[in-house]
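> Here is a sequence together with a model predicted from it:
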Amino acid sequence: MELFSANSIIFFLLATIILVFGVISVTTTKILRAATSLFFVLFAIAGLYLFLSYDFIAAVQLSVYAGGIVVLFVFAILLVKNLGEETEKVSCQKKLVGGIAAAAGVIVSLITIFKYGFIINESADAIAETVKMQTVGETLMGVDQYQYLLPFEASSILLLACIIGSVVVAQKNKEEKR
Amino acid sequence: MLELDKLVTLIHSTLADAIDIEWLVKLIEYVLIGVGFLALYAVLALILILLERKICAYFQCRLGPTRVGPWGLIQPIADMVKILLKEIIKIDKTDWILFKVAPFIVIMGSFCTFGALQFGKGICGVDFNVGLFYMIAISSLGVIGILLAGWASNNKYTLIGAMRSGAQLVSYELSAGIALLTMVVLSGSLQLSEIIEGQAKAWYIFQAPLPAFIAFIIYLIAGHAETNRGPFDLPEAESELTAGYHTEYSGIQFGFFYLAEYLNMFIIAGIATMVFLGGYQPFQINAEWAEGFNNIMAYIPTWAWFFGKVFGLILLSLWVRWTFPRLRIDQLLKLEWKILMPISLLNLLLMSVWVLIF
């Protein structure tokens, strides 16, 4: 990768945004600021997908993570009492466990990166072509090899269970009030 | 006729001759496109604000702005200068970072959607192969800005306004999305240019009259609700909440919310035009005797068709806004979850059957 090609500049720009806002989102003591910087991280990750010509994944990232999950986070934070109070200090034990988990994650990622060498394309035009929407749809809905109907349906059952569960939980509270 | 291809090739060749570095040429071109879109965004906002004030005045048997320029034409420019010169008031005890970030998130969501609109044949910022999905996805980001604005202002009116707005936007996105999905079933593509090309002979609303018309009505209602206007303006119900989530904002920060609101109206009308009314395609009658008529229609430039249809829909939206009384929050949510959602789901089924049979 040349240092001053358009591709590398865009990549480093996005990577900087992801890293800076990622660090802010875990270090800030105000919970809504953390959610906002998480939004920027997810937004920049969508940018990375676009950069790789994965338009569909980028749009999914925007609608599910940046548009959906963060909105839910913000909603949940706004509904909870004691808005904007500084989060409590984390105990030493939790810090230790968290540190070990983070280190394990980094080690696994590094092993993956170094074990499976990436193919480096020298030319700037070598970026993969956009995947056709039809291919995505057939892969999600097909039953042949490398097609994923079963996981797709399994996750939809999981989501359905979540929806019914949340309705049941909400209903219970209502009856108690009466 | 407005032919952008020649202008674009001219700019590109001039730049490529003048500068050797490839990425610099690209960067300059991207910046030029961005500036062009920003200018269009601002000019459209001015036109929309004048239209709103004039049309609202006629609905209320007034004249509207008449003093600045003939027919009040320069009024929005005077408004713009005023809003730019206003002081941005700094408020104590607010979360100032989020307070400042919020208007930018709102306008970013609106502008990113604006860039994907197809203003005419070949006049668009980007044409993704998942264009429609991208538009639905990125237009949903504005709600985060609204929630943050309401919370960061540290004011109960703004917080209530923001919560109402969030609930409203998240709910109405569903039926708007399903209505668009219904049309994707008919068109068989998510790419906006392909969707529009598929309507060259007849607009989709005429290709599958019943389900497409139901989807059109649902999209108009849900889209109108998503702009926080008209009978759905609970988030800023001025008699209850002062001005809702942007009560504490002043100057150009308020201007951003204002701009995004007007342009969202344009964007919703634009998406409805592209998906249901053929986008930049002229009106055509699919019969032998109408050949002369078709040729005349095709002679009108594509961008004129697009803007004509969009402003027609905007007129409809203004008409609704100034005619109906405001809904209560329970009526609003009931309308979405108990009426629009079931109808749009059934309509999706109807459209699938329609496509299989015809």
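Sure, I can see it. Residues are numbered from 1 along each chain as shown, chains lettered A, B, ... in the order given.

> what about the closest residue to chain A within the stretch 251-358 of chain B, which SS state?
Closest residue of the stretch 251-358 of chain B to chain A, C-beta to the nearest C-beta: B:Trp337 (12.1 Å). Just so you know, the C-beta spots here come from the backbone N, C-alpha and C atoms, and that holds for glycine as well. Secondary structure assignment for B:Trp337 (DSSP: H, G, I helix; E, B strand; the rest coil): helix.

> That one - how many residues pack around it?
13 (other C-beta atoms under 10 Å in any protein chain shown).

> can you list the residues of the stretch 151-300 of chain B near chain A?
B:151-152, B:159, B:162-163, B:166, B:170, B:189-191 (C-beta under 8 Å from any C-beta of the partner chain).

> and the closest residue to B:Phe232 other than its chain neighbours, what does it touch?
In this structure, B:Phe232 finds its nearest non-sequential neighbour in B:Ala225, 4.1 Å apart by C-beta to C-beta, 6 or more residues apart in numbering or on different chains. By C-beta atoms under 8 Å, 6 or more residues apart in numbering or on different chains, the contact list for B:Ala225 reads B:168, B:172, B:232, B:332, B:336.

> Could you identify the most distant pair in the residues you listed?
The distance between the two most remote of these (C-beta to C-beta) is 9.9 Å, for B:Phe232 and B:Glu336.

> Which neighbours do these two have in common?
B:172, B:225.

> where's the residue most central in space within chain B, which helix or strand?
Centroid-nearest residue in chain B: B:Ile267, 1.5 Å away (criterion: C-alpha atoms, centre = their mean). Element membership for B:Ile267 (DSSP states H and E) is helix B:251-276.

> Next secondary structure after that helix?
Assignment by DSSP H and E places the next element after helix B:251-276 at helix B:291-299.

> who touches that next one?
With C-beta under 8 Å, 6+ apart, helix B:291-299 has contacts from B:282-285.

> related to what we said a few turns ago, how about the contacts made by the residue of the stretch 251-358 of chain B closest to chain A?
Counted by C-beta under 8 Å, 6+ apart, B:Trp337 has contacts B:Ser171.

> Quick check: phi and psi at residue 66.
If you meant another chain, say so; for now it's chain A. phi -70, psi -40 (degrees, to the nearest 10).

> hm, I was asking about chain B
The phi/psi pair for B:Thr66 (degrees, to the nearest 10) is phi -130, psi -10.

> Just name the lowest-scoring one in the contacts of B:Ala225, pLDDT-wise.
Minimum pLDDT across the contacts of B:Ala225 is recorded for B:Phe232, with 81.

> thinking it is in contact with B:His224, fair?
Yes: B:Phe232 is within contact range of B:His224, at 6.5 Å (criterion: C-beta atoms under 8 Å).

> residues in contact with B:Asn347?
Taking C-beta under 8 Å, 6+ apart as the test, what B:Asn347 contacts is B:178-179, B:182, B:211, B:214-215, B:218.

> remind me, longest helix of chain B?
helix B:22-59 (DSSP state H).

> helix or strand right after that one?
helix B:75-85.

> any idea of the mean pLDDT for stretch B:177-197?
pLDDT averaged over stretch B:177-197 gives 86.

> meant to ask about stretch A:159-166, not that
Across stretch A:159-166, pLDDT averages out at 90.

> related to what we said a few turns ago, please, a PyMOL command that selects the buried ones among the contacts of B:Ala225?
Remark: buried members of the contacts of B:Ala225, expressed as a PyMOL selection using 16 or more other C-beta atoms under 10 Å in any protein chain shown:
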select buried, chain B and resi 168+172+232+332+336
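
> For burial, what's the neighbour tally of residue 38?
No chain was given, so I picked chain A. So A:Leu38, with other C-beta under 10 Å, has 21 neighbours.

> looking at chain B here, not the other one
Neighbours of B:Leu38 using other C-beta under 10 Å come to 12.

> export stretch B:92-110 as PDB, just CAs?
The C-alpha trace of stretch B:92-110 is given here as PDB (Å, rounded to 0.1, in the frame of the first residue of the first chain):
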ATOM      1  CA  ASP B  92     -25.200  26.900  31.800                       C
ATOM      2  CA  LYS B  93     -25.500  23.400  33.100                       C
ATOM      3  CA  THR B  94     -25.900  21.700  29.800                       C
ATOM      4  CA  ASP B  95     -23.700  19.000  28.400                       C
ATOM      5  CA  TRP B  96     -22.000  21.400  26.000                       C
ATOM      6  CA  ILE B  97     -20.300  18.800  23.800                       C
ATOM      7  CA  LEU B  98     -23.500  16.900  23.100                       C
ATOM      8  CA  PHE B  99     -25.400  20.200  22.800                       C
ATOM      9  CA  LYS B 100     -23.100  21.300  20.000                       C
ATOM     10  CA  VAL B 101     -22.900  17.900  18.300                       C
ATOM     11  CA  ALA B 102     -26.600  17.200  18.100                       C
ATOM     12  CA  PRO B 103     -27.600  19.700  15.300                       C
ATOM     13  CA  PHE B 104     -24.700  18.300  13.200                       C
ATOM     14  CA  ILE B 105     -25.900  14.700  13.600                       C
ATOM     15  CA  VAL B 106     -29.400  15.800  12.500                       C
ATOM     16  CA  ILE B 107     -28.200  17.600   9.500                       C
ATOM     17  CA  MET B 108     -25.700  14.900   8.600                       C
ATOM     18  CA  GLY B 109     -28.500  12.300   8.400                       C
ATOM     19  CA  SER B 110     -30.600  14.600   6.200                       C
END
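
> Can that stretch be said to contact chain A?
Yes: judged by C-beta under 8 Å from any C-beta, stretch B:92-110 comes into contact with chain A at B:95, B:97-98, B:101, B:105.

> Would you mark the buried spots in stretch B:39-56?
B:40-41, B:44-55.

> Chain B contacts on chain A?
A:4-6, A:9, A:30, A:32-33, A:36, A:39, A:43, A:55-56, A:58-60, A:62-63, A:66-68, A:70-71, A:74-75, A:78, A:83-84, A:124, A:130, A:132-133.

> Report the buried members of those.
Applying 16+ other C-beta under 10 Å to the residues of chain A next to chain B flags A:6, A:30, A:32-33, A:36, A:39, A:43, A:55-56, A:58-60, A:62-63, A:66-68, A:70-71, A:74-75, A:78, A:84, A:133 as buried.

> what is the orientation angle of the longest helix of chain B with helix B:251-276?
Using axes from the mean of the first three to the mean of the last three C-alpha atoms, to 10 degrees, the direction of helix B:22-59 lies 90 degrees away from that of helix B:251-276.
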